[in-house]
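S.K.: next one to model:
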Amino acid sequence: MNKKGKIEQEVKKTLEQFEKAEQLPPNPFFYSKLKALLDERRKQQNVFSVIFRPVLVISLVVINMGTALWFCSSGNGIYQIDTRQELLKILSGDLELSNQQINLFSNE
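M.R.: Numbering: from 1, shown residues only. Just a heads-up that it's a prediction; the model follows:
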């Protein structure tokens, strides 16, 4: 038998051992330990949810309202541009474009 055949035979023996292996009984206290661990974590999460979540929600609402008030009172409205020339005029002022750069967009 060649080397490859021996390896395949050993692999088959190993896999058969997994199929024939008897199951070990679980630790009788496993469930109670797991339940105690989960209860402890749940108590820690309750402290977070009782104290920090309302504070976080209130602070986000205050920030959101402050941003909305600032935006509404800033006076920056939304412009509706009727023509391409008006758009180019506004953009050239905002972006400080030269006449040569403006002519690239105007197609004149």
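S.K.: only C-alpha atoms for contact and neighbour calcs from this point on.
M.R.: Will do.
S.K.: and the helix ranked longest in the chain, what's its mean pLDDT?
M.R.: In the chain, with assignment by DSSP state H, the single longest helix is helix 53-73. For helix 53-73, mean pLDDT rounds to 90.
S.K.: got the contact list for that helix?
M.R.: Contacts to helix 53-73, defined as C-alpha atoms under 8 Å, 6 or more residues apart in numbering, come from no residue at all.
S.K.: what comes up buried for that helix?
M.R.: Within helix 53-73, no residue is scored as buried using 16 or more other C-alpha atoms under 10 Å.
S.K.: how far is that helix from where the chain is centred?
M.R.: 22 Å (C-alpha atoms, centre = their mean, to the nearest Å).
S.K.: and stretch 26-44, by the same measure?
M.R.: In terms of C-alpha atoms, centre = their mean, the centre of stretch 26-44 is found 30 Å from the chain centre.
S.K.: how about stretch 11-28?
M.R.: 41 Å.
S.K.: ends of that stretch, how far apart?
M.R.: 34 Å (C-alpha to C-alpha, to the nearest Å).
S.K.: how about it: buried residues?
M.R.: So, applying 16+ other C-alpha under 10 Å, stretch 11-28 has no buried residues.
S.K.: quick one: average confidence on that stretch?
M.R.: 82.
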